[in-house]
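# make a model of this:
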Amino acid sequence: MPWVEPIFDRTIMDVATAQNNRESTLPQKGARNYTDLVRITGNIYYIRDLMNQHGISPAALTSKLNWVLGEVPTYNDILQIKNDLNKLKTAFSALQISAPPTPDLPYLSYYKLNDVEEILFIANRILKGIEEMFIYSGEIYGGELWQ
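Coordinates of the predicted model:
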């Protein structure tokens, strides 16, 4: 799954704009729809894969990945997203410290969606930072002493 930049800066004005433009076919930051679900669950699996690359193995994820236009998520679908976020946070202590608490269900409020996506944003930033800190050594610098 590719990383899709999360949206975690929604405001009440974004929500009002989306409500006043329900007929618009353009993406709207304040609307809750299947594109949010696709982005959130895709990023959950992206973070899981990145963690696995770094030797961090979260518990098995159960969030649904293939959402379609017009599909309404069930309570269980959203509960699986919450559980998967908690699995990632449990496996990765830096995320527990840096990210906001996983919000309680239901995820109907824009600020709860902001928290969900901010958790994923922070996880990606931390994991990318780990990659940037790797020190690659060539033969000449592999612990040899200079004479």
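# using CSV, list the CA coordinates for the worst-scoring helix or strand of the chain on mean pLDDT.
Averaged element by element with mean pLDDT, DSSP states H and E, the chain has its least confident helix or strand at helix 93-98 (a mean of 86). Taking C-alpha atoms only, helix 93-98 is exported to CSV below (Å, rounded to 0.1, in the frame of the first residue of the first chain):
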residue,chain,number,x,y,z
SER,A,93,6.4,2.5,22.3
ALA,A,94,7.6,5.8,20.7
LEU,A,95,4.1,6.1,19.2
GLN,A,96,2.5,5.7,22.6
ILE,A,97,4.5,8.6,23.8
SER,A,98,4.2,10.9,20.8
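# quick one: low-confidence parts of the chain?
Low-confidence regions of the chain, defined here as pLDDT under 70, cover residues 134-147.
# tell me where it has helices.
In order along the chain, the chain carries the following helices (DSSP state H): 12-20, 34-53, 75-91, 93-98, 110-133.
# residues touching the last one, excluding its own?
Contacts of helix 110-133 from elsewhere in the structure, counted by CB atoms under 8 Å, 6 or more residues apart in numbering, are 3, 6-12, 14-15, 30, 32, 36, 39-40, 43-44, 46-47, 50-51, 54, 81, 85, 88-89, 92, 94-95, 98-104, 107. Bear in mind the C-beta positions are built from the backbone N, C-alpha and C, glycine included.
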